[in-house]
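S.K.: pasting the sequence and the predicted coordinates here, then a few questions.
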Amino acid sequence: MNDSTVREKATAVQMLVATLAKITDLLKIPLRTNSGRIGLAILAVYSIVVIFGPWLTPYIPTEYDLDHRFESPSLNHLFGTDHNGRDVLSRVIAGARSIVFISVIGTALGIFLGTMIGITSGYLGGWFDQIAMRAMDFLLSFPSLLLALLLITIGLQRTSLDESWLIIAVIGIAFTPNNSRVIRSAALTIKPLEFVQNARLRGEPLYHIVLREILPNIVPVIGVEASLRLSFALLLTASLGFLGLGVQPPQPDWGLMVNESRTHLSLAPWASLAPAFAMGTLVIGVNLFADGIRQSLQLPEDRGQK
C-alpha cells in the first residue's frame, strides 16, 4: 500500500470523524431551549413505541373480532375498537413503526440528494449551478402531494418495488429540490471563506473541498432542514395512506385508519381521532425539536414546503 493510498484513507476517516462530531454536538443543541426539550421528550416517547411496539400492543393489530365492533374506550380497550372489532390502541402503536420508518428513510434520502446537489452546485457555480437549479425549479413547480401521486403512479406501472420502498423513493425525490436550495445557500456562505480558498490554492480535489471543508460547517443547517422535512414527510406519508397508496391492509397505517373510520364517525369517533391525535403530537414534537435547534443556533426561519 503506497503513501498516497494511506493518506486518502486517513483523510476519509478524518472527514467521517469530523462529521460525526458535528452530528453529536447537534443532538445536544435542542436541550438549550424549552421547545427543544419538549420536542425531544415527545420524540423519545415515540421512539420507544416504534422500537418496542410489538411488545406493547395489548392485542393483535390485524385480528378481527366482529362481536366487539364499535366498543367505546374502556379498561379492556383503552382507545376502543373499530368497525371490524380491532383494538384501536394496538393499531395505533403498530402503525407508528411503518409511518416513522418510511418518513425517516425518505427524509434521509432527500437530505442526501439535496446535500450533494446543493453543495456541489453552490461550490462549482457556472453552468452546473444553472442546470441543477433549473431542474430543481421544475420539480418545485409541482405541489409535493401532486408530485408524489405522479411518481407513485409511474412507479407502480414501471417498477416492481414494494409500496413502502416506492414511497420512500418518492419522498426523497419530492423533497430534494427544497433541500438542495437551502443547502446551496448555506454552501455559498462558506465558499468565500479563507479555509476553503486555501484548500483550492493547495490544489485539493473537489470531493475533499466539498466533504471536508464545506460539509462539516453546514451540518447544523442540514440538521434543521432534516427535522423540518421530517414533519412534512410524516404528513405526506399519512396523506398517501389516506388515499390508499400507503401501507396496504390489513397492516395498520395511520392515514388509512382515518380513511376507513371516517364513515363511522357518529358510531366510533375514537377510531379516527386516535391516529389523528398520534400524527398531530408526533409532528408537533418534530417541529418543536427543529425550533429548538434553530433558536439555539439563531438560524433564520424556514420558508416552508409547497
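M.R.: Received, thanks. Numbers count the residues shown, from 1 in each chain.

S.K.: where does the stretch 101-250 of the chain dip in pLDDT?
M.R.: For the stretch 101-250 of the chain, no stretch has pLDDT under 70.

S.K.: next one: R91 from L288, what distance?
M.R.: Counting by CB to CB, to the nearest Å, the gap from R91 to L288 is 26 Å. No exception for glycine: its C-beta is placed from N, CA and C like everyone else's.

S.K.: typed the wrong thing, it's E213
M.R.: 32 Å.

S.K.: try Y207
M.R.: 36 Å.

S.K.: D129 too?
M.R.: D129 is 35 Å from L288, by CB to CB.

S.K.: same check, this time on L146
M.R.: Applying CB to CB to L146 and L288 gives a distance of 29 Å.

S.K.: looking only at neighbour counts, state which of these two leads.
M.R.: L288 (23 against 12; other CB atoms under 10 Å).

S.K.: the residue nearest to the more buried one when sequence neighbours are not counted: neighbour count?
M.R.: Nearest non-adjacent residue to L288, counting by CB to CB, 6 or more residues apart in numbering: G39, 3.0 Å away. When neighbours are defined as other CB under 10 Å, G39 has 23 of them.

S.K.: just R202 next, same as before
M.R.: Counted with other CB under 10 Å, R202 comes out at 9.

S.K.: number the chain from 56, please
M.R.: Understood, numbering begins at 56; the last thing we discussed is R257.

S.K.: quick check: which element contains the residue nearest to L343?
M.R.: Assigned by DSSP states H and E, G94 falls within helix 89-111.

S.K.: what's next to that helix, contact-wise?
M.R.: Identification of contacts with helix 89-111 by CB atoms under 8 Å, 6 or more residues apart in numbering yields 84-86, 148-149, 151-152, 155-156, 336-337, 339-348, 350-351.

S.K.: next helix or strand past it?
M.R.: That would be, after helix 89-111 and using DSSP H and E, helix 143-179.

S.K.: in that next one, what counts as buried?
M.R.: By neighbour count on 16 or more other CB atoms under 10 Å, the buried set for helix 143-179 is 143-155, 157-166, 168-178.

S.K.: and that helix, how far out from the chain middle?
M.R.: Here helix 143-179 is found 3 Å from its chain centre; the criterion is CA atoms, centre = their mean, to the nearest Å.
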